[in-house]
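**Student:** missing the sequence, but the structure's below:
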Ligand code: GTP
Ligand code: MG
């Protein structure tokens, strides 16, 4: 897929605020700091389109980006940041669940996992919701540059165990080396065509 244009449309917390153009949509979900915004920037070749941050838990809204004027990428708020107040954690659950339940034009969710971390409740909760709502899921392992190639298998074991997904289900990605970019774009293209 060729990226010709990418632009920020708007941020929204509730369905009334979602864009009303009904273009097919791909959402990005995962723990705070896992690299959602960085992945979107690499996919669309725009270093600064989505703000990335060393301070997790900054993005508290859904941010919508239009690509090629043909489809929309959605940066969902990150979850699981320990220092976030409980009220915000609850808001996250409601915001994410509301979006997933109501977005008819949602074609797939890209769910990110850090190669160095064992998935926890929120990731598994999200996986359950996606399955329950019958939303196609593209699992992506991020920050693979942090681990040497021959450690990958061992690092993957707890992730495979926790998620119950086979290794082949995952795409491997690094925002640093851009490994995995083409693979993920291809999977997005397939999801958009369904
Ligand atoms: P929230 O918006 O807080 O939910 O975080 P996020 O998931 O959008 O993460 P973000 O893209 O802002 O990245 C968080 C930090 O991880 C930043 O310092 C990034 O530079 C870094 N990072 C993201 N992807 C990679 C990667 O593939 N490799 C390495 N080494 N660092 C990465
Ligand atoms: Mg972000």
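**Tutor:** That came through fine. Keep in mind the model is a prediction, meaning the values are calculated, not measured. Ligands and ions are numbered 1, 2, ... in the order given.

**Student:** Can you tell me the element the residue of the chain found nearest ligand 2 falls in?
**Tutor:** Taking Cβ to the ion as the measure, the chain has residue 37 as its residue closest to ligand 2, at 3.3 Å. The way it works is simple: take the backbone N, C-alpha and C, and place the C-beta from them, glycine included. Following DSSP states H and E, one finds residue 37 within helix 36-43.

**Student:** go on, residue 3?
**Tutor:** Residue 3 belongs to no helix or strand, assigned by DSSP H and E.

**Student:** What about it, how many residues nearby?
**Tutor:** The number of residues packed near residue 3 is 12, by other Cβ atoms under 10 Å.

**Student:** cool, residue 93 as well?
**Tutor:** 14.

**Student:** Contacts only, for it.
**Tutor:** By Cβ atoms under 8 Å, 6 or more residues apart in numbering, the contact list for residue 93 reads 79, 125.

**Student:** quick one: least confident helix or strand in this structure?
**Tutor:** Least confident helix or strand of the chain, by mean pLDDT, DSSP states H and E, is helix 86-102 with a mean of 85.

**Student:** From residue 6, how far out is the residue lying closest to the residue of the chain closest to ligand 2 once chain neighbours are set aside?
**Tutor:** Distance criterion Cβ to Cβ, 6 or more residues apart in numbering; nearest residue to residue 37, sequence neighbours excluded, is residue 50 at 3.9 Å. With distances taken as Cβ to Cβ, to the nearest Å, residue 50 is found 9 Å from residue 6.

**Student:** Many thanks, I have nothing further to ask.
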